[in-house]
Structure formats: structure tokens, C-alpha cells
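>>> need a 3D model of the sequence below.
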Amino acid sequence: MRSETVNTDVTVVGGGLAGVCAAIAAARLGQRVALINNRPVLGGNSSSEVRVWVCGATSHGIHRYARETGIMGELFVENQYRNKDGNPYLWDMVVLEAVKAEPNIQLFLNTDVHEVDASKDASGQRSIRSVTGWMMGSERRITFESAVFLDCTGDGLVGFLAGAEYRLGREAREEYNEEWAPLVADDITLGSTLLFYTKDAGHPVKYIAPAMAKDITQTSIAERRIIRSGDNGCAYWWIEFGGEQDTVHDNEAIRDELWSVIYGIWDYIKNSGKFDADNMTLEWVGSTPGKREYRRFIGDYVLNQNDILAQREFPDRVAFGGWSIDLHPPQGVYATESGSKHMYSDGSYHIPFRSLYSVNVSNLLMAGRDISASHVAFGTTRVMATCAVIGEAAGIGAALCAAKGISPRELHAAHLNELQQTMLRQDASVLGLRNEDDADLALKAALSASSERSRFGVEQSAFSVPLTANIGITVAADPGLDGIELLIDAAEAAELTVELWETGRPENYVPHTLVQSASTPVQAGPVQWVKLPLQWKPESPRNAFLILKANPALSLHMADEPASGMLAYGHSDTPAASRDFGENPPAQPVVQWDKKKFDHKAPCLRLSGITSAFAADKVIDGYLRPYGGPHMWSSDRMASDQPEWLELAWNEPVTLREVHVTFNDDVNEDLINLHHHITPYEILPTLVKEYRIEAYLDGKWTSVAGERYNHKRKRVHTLNEAVRADRLRVVVLETNGSEYAEIIEVRVYE
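Residues are numbered from 1 along each chain as shown. Purely as a prediction, here's the structure:
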């Protein structure tokens, strides 16, 4: 046996996506990081060992412009480029290589931390000096010493051993006034799940059920759950058990029960005669239960259901989510009720930094499913992409704490703005905050461009959609609306009515308050541009939600490709028809207005007036993602032989050493790591493919950086030598398919 000590600035325990993103975030800020995982692969429940899809704020397309950016966004985009079909082993490599690319990270796989050295001071505050783990297979006992520790274990073992305050189970309804909480507190949690994969062998394959297989016809499973021979993977997320057990101490028994259900379900599929499964065989069955819930630590703030549904805009917000509050019955697979019920906020919600550090362990941050949240709020924060963005926020916080020699609470009290501005500089997933970085020279520049998309219109029709039900459209009102035109077919003379609504909050894309309604007669005939005098001048740029009222005599023309800054929605009065929301489904606007029906499409619409939504100066307006508008520069249509450019000019020469360029990766596109769905392209068409960065030196434009085959959202170019110039420009030579050159942000540093 070898005993050794590893000393770093930050120690991250847990190699799920929360831990991975925390470690990368801290390392990129110059801190030495130890990342410890008790499994042979990274990725936690998303890894090839468990194979759960990485869900997040998009909620499989329910929320708009909600895909995560920052490190989680990089993983999504890179996996799409390398692994569009969602091979779980290739996903493992995407995650591993992201960690290996950071020279400041020391990675320790197969290392199980089970000892914590912590002490308590006179005030009752505890602090961690070190944690110790055993590296299985290598017979190494390793002690990790750091100034700051992150518990990203999911189960919360490190914080528990350090004496951190925590909760287990469900709070009583009265504690946080949560509608979905039980009347009386209990120790019930969400259960664990095992998944399985199948394949067609191309010839008949028999199946003799093992002795442990459960006869599911003697349970409620066959009647209450959807079973199909071709489904596999997360289609069986409902094979859940352990909500009434201890999901940690009873882990082995829970796994055995889940195995018995899987082999029983497969026996039912293969041998009941009810399915076309003669050639089907099991390809893979999980052996590591995917846990949903255990300890939740107490921080300086406990996030609760009301915060989620109200989208409370915390001053210390450092992350966002959008998955539904998704709670399951305690009996899991044996429940006679629906396997889950869902409640959505009207848009993405915010997560405060005070929920990411311990109330009583001074140098402990937490990220993932063990943050400071009630059981009900945890029902949404627990999904992996949200855990990942929380991890990045905690990792950035840990890096600043280590660099300054302070606690997370002190960081919150005295350096909150620095924390949030650092997150924006790293392109992290946070909403509604603006770049105010004094060191960013771009904020002091004047912007111009080769062209701007000042006349917004989608005019090339691919098909038409009958107005048998209401259709919604969101479009930027910047500085306002001065009339719209729609391309319409009329089977007979009819009246077109369109309502204009505001969305209430900049991050929302649902109708909130009626502003105006307009109607106009339409003569019988095809392909008519119909103008409506809808006018609106909001106090600040906002999204307008247009409702085209149903009229079966009319049809709306649609293009077969999306348009940046505009979305279309189908409407349903019965949200439960498209997804199970329990016995009494509430009216949830984001579900009733379904954008998925028109994904990768755009309504044929023209704005009558000039729009500023895509002006050159949007790249320095401080916003990194759609928020009351698209917040990007878009050129007019690119010519095949004429590049587009975006220029920054200063009154006098400045020293340029580092240039950050953030391109449009269309965060409305719902990417996934595994096979829930397949997005049709490897590289998002809106991304710029080839570009160069030029400085105006000695009376001419000189190339100082660039890329020929870009597939990433953000590029940071550190110049070999600093240059002095009063003009800088990004020249776009080619996109990955879009007709428009689009850039979200440019930053410049000495």
C-alpha cells in the first residue's frame, strides 16, 4: 500500500457533470485542482455505466432559447460534432478529453473518498483540512489537502462527514408554503433507476428468464406503463425503485429489485406473444443504479417551489434551469398512479449563489443534486445539465475563494459582482446580467459593420399551414413594432385577426398581457402579403408575442429553415394530450404553446419598419444570450464572394493582446448527448465556419488570428505579440450553412 498527499488549491469530489464542470471552471481561472471520482469513467449518470440523457433547461424542447452555454454548452456542441448518433462510449471520451485538456487538473479515477478531516472553531463554524480516498486497483491511499472543497458526490458524503447541515426527504408544506409538498414531513425520496438496451440480432433469439426475473403480470407494471419491443434506454426511465427505502444504505437491494424488474419486463416482451420481438435480444443492462436523490445540504438560502414558479430574480443569481418540477410517486415502478408529474415555470428560473455553499462548513461548496433546495425545488434542479451549470458557478466561486483566501460567504458579501462578471467572461449559463468588465476594451469602442439585418423578413415559402388552430409567433420589438405583414392563402374571402401580447419577463416566450389586436379582410386567393397595423413601442426592447387567431379559411406560409430572433408555436388547449401532467393538469403556457411543431421552420413574416435587433453594437450590449431580444449582430444576406465584417474602432490606439469572439450556436436548438433524439446536423448552421481577425496596422488591415474550420461557440485568441491599433475587425468568410454572419459578443483585452 502506498500513502501519499496531494496538495492543490481546490479539491472537487465527484466526477459527474457537476464535478467535471466545477473542476474545469476552477482550472481555467488558474487554480490547481484535484478532481476525484469513485468510478472508472467521468460523467456520473450520463456515463456509459448508467446512460441517462443529459436533460436541462430546454426540457426536451419545452423552453425556448434555453440550452446551456459555458462548459456544459461546450460539451453539448462538441458531442454533436463528434457523436451525433449518441454513442455512450464516445460521450465518455468527450467528457474525459475536456478534463484532460486542462493542465491545472489532476484527475483521480477509481478513488473513493471516505475520510474527512474537519474541525470546528469557537463560533461553531467547521472547516475541512483534507479528505482521504482509496484508489481501487492501485492500492493507493491518497490524502487531498486544499483551501476549498466542493462536494459534487450527489449523495453528499463529503459534507456529511465534515458535519455540514443537511436535509433528507420531503419538507412539510407549511415550511416553505409549497403546494406540492406533503402536509407532514417524511423521509421519502425519489428512487433509483437501471436502464437497458436491446438490439435486433437478425435471427430468432430465445430468452430464458433468470430466476430473479419478476412476473410483471402479477404487478401493476403491465397495465400502468408503456412497454414496446423497440424501446430501450431512457424510454424506461420509469423502472424506478427505492423512494421508500434508503437509496444509499439499501443501494444493493435496490439494484437487485431493479434487475428483477428489467429481466421480468424482457420476459414479458419476448415470451408473452404480445410483441414482435423474435429477433430481439438484450444488448446491455445497467449494473450501477442511477440515483436521483439523497442528502441536500443547507446553505445560506434554501431554494423552494415558489422561487421556481415565480422565476425569482435573485441578486446573486449564478445559474439557471428550466426542467419542470418533476416529482415521482414513492412506490416507483409499482405505483398505480402516473410515473411522474410536472409543473413548469413560464420560462427559465434562477439559482442563487447562496444555495451553493454550506451554512456551517466555511470552505465547502456543493454542486449537483445536493445543493441547498427543498425537495420540491430539487425536483427541477436535479437534472444533469442544470447540475453542470451549477457546477461551473461553484467552480468559479471556489477559484476566487482560493485566490483571495476567503470563504464562499465572504465572496458573496464582498465580491459578488466580480463573481458574476467572471462568469460572464467565461460564457457561463446565467440570465439577465450584463458585461460590465472595466478591462474589456470592446466596451469603449464604436461599432460598425459591412451590413446589418435592419429589414427583417422571411419571404421564401416552403409550405403552408392551415389556421385550424391559433398559431403563435415571437419576434423582436426593437425599438418596437410598426406593422407586420404575413404571407397568407385564403380559400375564400375571410378576416385575419392577430393579437399582440407582451411576454411579461425578458426570459419568457409566452403571452402575458394583451397590448393590441388588429383585423383585416383577406380576399380569396393564394400567396398574399397581408398587412396588419400592429404598433408597439415598449420602454426597452422586448419580444412581441403574436397570436394568429384560428380561421380555417386561411393558411400561413412557412419557410423550411429557422430564422434567428423569431419562433413559431402551435397551440393546444389540452396540454395533457401531449404529455402526462398528472390527473389534474394545470394550464401551463409553455406547454400549451408548443414550439416543437415548428422547429427548424419559420413563418413568412415581414416587419414593416426598421429593426435594431441585429445592429453591430449589439455585440457590446453586455448580453450573451437571448433576453428580451436576440442580442447579436447579424449581417444582411451573405454573398458567395463577399465577406462580411464587424469593426471596432477607438479614438486612439489601444494595446490588443487577447480577443474573445462568441458566435451564435442557436441556443434554441435542443441538443442531447445520447439517443433521445437526433439533431440533423453535426455543426449548427448559425455558427461561423471561417473567419479572420484583422488589426489596422501601418495603414492596412493585417490578419492577427483566425480559424478555417470552426464548430465552436466561443473562441479566445491570444496573440503571439501584443499590437497597437485603433481599429479591429472580425471578417466572416463562411458560415456552416446560414445565409447570415452572426456574432453575439466580442471582447478585447490588453
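>>> quick one: the strands in the stretch 51-200 of the chain, in order.
Secondary structure of the stretch 51-200 of the chain (DSSP state E, counting those that start in this stretch): strands at 105-108, 111-120, 126-135, 140-145, 148-151, 166-167, 192-193, 196-200.
>>> dump those strands to JSON lines, plus mean neighbour count.
Every C-beta, even on glycine, is put in place using the N, C-alpha and C of the backbone. Shown next, in JSON lines, are the strands of the stretch 51-200 of the chain (neighbours: other C-beta atoms under 10 Å):
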{"stretch": "strand 105-108", "mean neighbour count": "20"}
{"stretch": "strand 111-120", "mean neighbour count": "17"}
{"stretch": "strand 126-135", "mean neighbour count": "20"}
{"stretch": "strand 140-145", "mean neighbour count": "18"}
{"stretch": "strand 148-151", "mean neighbour count": "33"}
{"stretch": "strand 166-167", "mean neighbour count": "18"}
{"stretch": "strand 192-193", "mean neighbour count": "28"}
{"stretch": "strand 196-200", "mean neighbour count": "17"}
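>>> looking at these, which is closest to residue 692?
strand 105-108 (31.8 Å; C-beta to C-beta).
>>> list the helices and strands the closest one packs on?
Contact analysis of strand 105-108 by 3 or more C-beta pairs under 8 Å, 6 or more residues apart in numbering; DSSP states H and E lists helix 17-28, strand 33-36, helix 88-100 as its packing neighbours.
>>> mean neighbour count, mean pLDDT and distance to residue 80 for those - can I get that in TSV?
Formatted as TSV, the helices and strands packed on strand 105-108 follow (neighbours: other C-beta atoms under 10 Å; pLDDT from 0 to 100; distance: least, C-beta to C-beta, whole Å):
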stretch	mean neighbour count	mean pLDDT	distance to residue 80
helix 17-28	31	98	16
strand 33-36	28	98	24
helix 88-100	18	98	10
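>>> got the residue ranges for the helices in the protein?
Taking DSSP state H, the helices of the chain run over residues 17-28, 70-82, 88-100, 157-162, 173-176, 221-224, 251-271, 305-310, 375-381, 384-404, 408-414, 416-425, 589-592.
>>> among those, which is the most enclosed?
A comparison of the helices of the chain by mean neighbour count, using mean count of other C-beta atoms under 10 Å, puts helix 17-28 on top with a mean of 31.
>>> which other helices and strands contact that helix?
strand 10-13, strand 33-36, helix 70-82, helix 88-100, strand 105-108, helix 384-404.
>>> rerun at 7 Å
strand 10-13, strand 33-36, helix 70-82, helix 88-100, helix 384-404 (3 or more C-beta pairs under 7 Å, 6 or more residues apart in numbering; DSSP states H and E).
>>> just the angle between the fourth one and strand 196-200, please?
With axes from the mean of the first three to the mean of the last three C-alpha atoms, to 10 degrees as the criterion, the two stretches helix 88-100 and strand 196-200 enclose an angle of 130 degrees.
>>> what angle separates helix 88-100 from helix 17-28?
30 degrees.
>>> how about residues contacting the top strand by length along the chain?
Longest strand in the chain, counting residues (DSSP state E): strand 714-735. Residues from elsewhere that reach strand 714-735, judged by C-beta atoms under 7 Å, 6 or more residues apart in numbering: 427, 643-650, 652-653, 655-662, 685, 687-697, 704-705, 707, 741, 743, 746, 748.
>>> before we move on, the earlier item: using TSV, lay out the helices and strands packed on helix 17-28 together with distance to residue 468.
Formatted as TSV, those follow (distance: least, C-beta to C-beta, whole Å):
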stretch	distance to residue 468
strand 10-13	53
strand 33-36	54
helix 70-82	35
helix 88-100	41
helix 384-404	35
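>>> can you tell which of the ones you listed is closest to residue 251?
Per C-beta to C-beta, nearest to residue 251 of those: strand 10-13, 18.1 Å.
>>> partner strands of the closest one and their direction?
strand 33-36 (parallel), strand 148-151 (parallel) (DSSP bridges).
>>> next one: the nearest residue to residue 322 once chain neighbours are set aside from residue 489, what distance?
Nearest residue to residue 322, sequence neighbours excluded (C-beta to C-beta, 6 or more residues apart in numbering): residue 57, at 3.1 Å. Separation of residue 57 from residue 489 (C-beta to C-beta, to the nearest Å) stands at 37 Å.
>>> these two: which has the busier surroundings?
Each of residue 57 and residue 489 has its neighbours counted (other C-beta atoms under 10 Å); residue 57 has more, 28 against 20.
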